[in-house]
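>>> A structural model of the following input is requested.
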Amino acid sequence: MQTKTKISAKKSWAQALARPAAEFPLTPLLVKSGKIPEGLRGTLYRNGPARLERGGMTVGHWFDGDGAILAVHFTDAGAAAVYRYVQTAEYQAEKKSDKFLYTNYGMTAPGPVWLRWTKPIKNAANTSVLALPDRLLALWEGGPPHSLDLQTLETIGIDNLGNSAGEFPYSAHCKRDPITGNIFNFGITPGVSTKLNLYKSAPTGKIVEKATVALDGIPLMHDFVLAGKYLIFFVPPVRLKFLPVLAGISSYGDSFEWKPELGTQILVVDSETLSLVSRGETAPWFQWHFANGFVKEDGSVAVDFVRFPDFQTNRRLKEVAAGETRTDAEGSLWRVHLNPQTAKVTATEELLDQPCEFPTVPAAEIGQESRYIYLAMYRPDVDIVPERYGAIARFDTQSRNLTIADCGENRYPAEPIYVPDISSDKGWILTVVYDGNSDSSEVWIFDSDRLSDSPVCQLELPGVIPLSFHGTWKSAV
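Next up, the predicted model:
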C-alpha cells in the first residue's frame, strides 16, 4: 500500500487549474512522437471545469467550474483540435459582470441571504458529452443539456430533446445501448416527494418514453448502469438537508449528510418499459461511477463500479478546486452480484484493491459482459493524498491481471477512452495528458493490447486543458 502522509506543498497538477483555461480555434496538431494510426478516424470529445475563478473569487467546489469542450478531429489529413467554453446563459452573464452570480453545487449566490433563494442554479455544462448524429450535447447534473456544433463546438442553446414539458434535469451519465442505439438517462427532481425521472431516447436523442420512481429523501445519484434488459441504480446513504439550501445559507455540496444507517438502496428498472422491477437494500457505500453491468447465464446481474466506504470523497473533490488535497478518500473496483427480480445482493467482491476511478469499457460492450475495464490510477509508490491520477490501466476481469501505463512524474492523464480501429480489429486508448513539467497538454494514443508500452503517438495541443471529467468518441463511419 502507498504511504499516506500530509504535506503542504502544492503538486504539479494544481497548475492546470490555477488560471482559467484559454479557448483556441481549430488548429492542426503537431506530432511530438510516433504516428497517428491509419485506422483512427473520428473525433474525441472531452468536457470538464475550465474556469474556477472569476473577479478574484474561487469556486467552492471542483464541480462548479465553467464547462469547456475539447474536440480532437482525426482525418486523413491528420489531427486538429478546437477548445471552447459552453456558452450557457449563466456563463455569458458572469462573463459580462466579471463575478459569480449564481448558486452552484459548492457555492451559494452572493448577496443578502434573503435574496439568495430567488437566484437560479447555474447550469455549469461541465461534466460529460453525448455525441448525436447531428449535434453534441454538453451534459451536467441538475439541468437540461446544451447543444453544440459537432465540428466547431459553437453553442446552439439548451436542448430539450423533444421534451414538450420544457427544461428538465438530465444527468451527465447517459447510457447508449450498442444493440438498439437507444439512449437511457435519469434526472432527480428534489422536494418533499423526490422523483427519479427516467428517460429513454431514440438514437437521434429525442425522448420517446418517460417514467418516474419515488425516492426517499433527496439522495446524491451521479451515475447508473445498463445491464442487458435492466437499468440498475444504487442509491447511496447520502441525503440533502434541503432547508439550508432553500434558505440560501448553505450550498448543496456542504448540505449532504452521510447516513450509513440507511444502507444502499438498489433499484432495478425494466429498460423496455421503464417500470420498476424491484427495490432492495444492502450495506452502505458510496459510488460516483459505474464501469458496466451484464446479465449472467443464470439470470443474475453483475455490476462493476468504483466503491467508496463513505462520503469523504466529496471533501477531497472540493479541495481540488483550491489546488491542494489533504483528505484521504479513495475508492477501489468492486463487483456486486444481485437477483434482478428481488434487488437482493447475493455476493460482493473486490476486483482490484488499488485506488482507482473513472472506469470505462468499450462502447460496443456496454450492458454486456466486457473482459476489460479501463481506469485512471495513481503511479506506483506515490503519496496519493496530495496527488492526482498519474497513470491509466487495463484490468482483465477474467485473469485479474492489471496492465499499467505510467505517464511519468508530474503528468496527469484524463479518463481513458477505448476507440475501435475502423479498418481492423485493433483498438486504441486515447487520453489527454496535462504535463506539469512543461505546463502543457497533449493527446496520447496507446495500443489497447500493449498499454504498458510507450504511446504510439503523442500530439501537442495549443493550450493547457485543465483536468477534466468525462469524454466520448464519435467514429467517422
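>>> right, and Gly228 touches Glu297 too?
No. Counting by Cβ atoms under 8 Å, Gly228 stays clear of Glu297, with 11.5 Å between them. In this view, the C-beta of every residue, glycine as well, is placed from N, C-alpha and C.
>>> other SSEs contacting the helix or strand that contains Phe395?
In the assignment (DSSP states H and E), Phe395 maps to strand 391-396. If contacts are counted by 3 or more Cβ pairs under 8 Å, 6 or more residues apart in numbering; DSSP states H and E, strand 391-396 sits against strand 372-377, strand 402-406, strand 427-435.
>>> what's in contact with that strand?
Residues outside strand 391-396 that contact it (Cβ atoms under 8 Å, 6 or more residues apart in numbering): 333, 351-352, 356, 371-380, 401-407, 413, 416, 429, 431, 446, 448, 451.
>>> how about 7 Å then?
333, 351-352, 371-379, 402-407, 413, 416, 429, 431, 451 (Cβ atoms under 7 Å, 6 or more residues apart in numbering).
>>> bridging residues for Ala68?
Gly48, Tyr85 (DSSP bridges).
>>> oh sorry, the question was meant for Asp270
In this entry, Asp270 is beta-bridged to Tyr230, by DSSP bridges.
>>> pLDDT wise, what is it at?
pLDDT recorded at Asp270 is 98.
>>> pretty sure it sits against Ile232.
No. Contact criterion Cβ atoms under 7 Å: Asp270 and Ile232 do not qualify, at 11.3 Å.
>>> so where's the stretch 151-300 of the chain uncertain?
Across the stretch 151-300 of the chain, nothing is flagged by pLDDT under 70.
>>> strands paired with the strand holding Phe395, and their directions?
Checking strand 391-396 against DSSP bridges gives partners strand 372-377 (antiparallel), strand 402-406 (antiparallel).
>>> relative to Pro169, how far out is Asp216?
18 Å (Cβ to Cβ, to the nearest Å).
>>> which of the two has more neighbours?
More crowded of Asp216 and Pro169, by other Cβ atoms under 10 Å: Pro169, with 19 against 10.
>>> give me the beta-bridge partners of the closest residue to Asn401 other than its chain neighbours?
In space, and not counting its chain neighbours, Asn401 is closest to Phe395: 7.7 Å by Cβ to Cβ, 6 or more residues apart in numbering. In this structure, Phe395 bridges to Ile373, Leu402 when assessed by DSSP bridges.
>>> what's the neighbour count on Phe395?
24.
>>> and if you look at Glu94?
A total of 19 residues lie near Glu94 under the criterion other Cβ under 10 Å.
>>> any idea how far it lies from His146?
According to Cβ to Cβ, Glu94 and His146 sit 15 Å apart.
>>> cool, Val303 as well?
The value you get for Val303 to His146, if Cβ to Cβ is used, is 30 Å.
>>> with Leu196 instead?
23 Å.
>>> between those two, tell me which one has more neighbours.
Neighbours per residue (other Cβ under 10 Å) separate Leu196 from His146, with His146 holding more: 25 against 22.
>>> which ones are touching the more buried one?
When contacts are counted by Cβ under 7 Å, 6+ apart, His146 touches Val86, Thr88, Ala125, Leu137, Ala138, Thr155, Gly157, Ile158, Asp159.
>>> what pLDDT does the third one get?
The per-residue pLDDT reported for Ala125 equals 98.
>>> ok, it touching Ile69?
No. Using Cβ under 7 Å, Ala125 is not in contact with Ile69, being 8.7 Å away.
>>> quick check: neighbours shared by those two?
In contact with both Ala125 and Ile69: Val86, Ala138, using Cβ under 7 Å, 6+ apart.
>>> neighbour count: these two, which is higher?
Per other Cβ under 10 Å, whichever of Ala125 and Ile69 has more neighbours is Ala125, with 30 against 26.
>>> quick one: the more buried one from Ile207, how far?
According to Cβ to Cβ, Ala125 and Ile207 sit 19 Å apart.
>>> shouldn't Asn160 be within a helix?
No. Going by DSSP: H, G, I helix; E, B strand; the rest coil, the assignment for Asn160 is coil, not a helix.
>>> who are the contact partners of it?
Pro144, Gly166, Glu167.
>>> before we move on, what about Ser452?
With contact taken as Cβ under 7 Å, 6+ apart, Ser452 is in contact with Thr403, Ile404, Ala405.
>>> what count of nearby residues applies to the second one?
A total of 18 residues lie near Ile404 under the criterion other Cβ under 10 Å.
>>> okay, it and Val432: tell me how far apart.
From Ile404 to Val432 the distance is 18 Å (Cβ to Cβ).
>>> swap in Val269?
Going from Val269 to Val432 by Cβ to Cβ gives 34 Å.
>>> could you do Ser147 as well?
Distance from Ser147 to Val432, by Cβ to Cβ: 23 Å.
>>> which one's more surrounded, those two?
Using other Cβ under 10 Å, the more surrounded residue of Ser147 and Val432 is Val432, with 26 against 22.
>>> let me see the ranges of the strands in the stretch 1-150 of the chain.
24-28, 30-34, 42-51, 53-54, 57-58, 66-75, 78-85, 128-131, 136-139, 146-148 (DSSP state E, counting those that start in this stretch).
>>> looking at Gly228 and Glu297, which is more packed in?
Neighbours were tallied for Gly228 and for Glu297 using other Cβ under 10 Å; the higher tally belongs to Gly228 (19 against 6).
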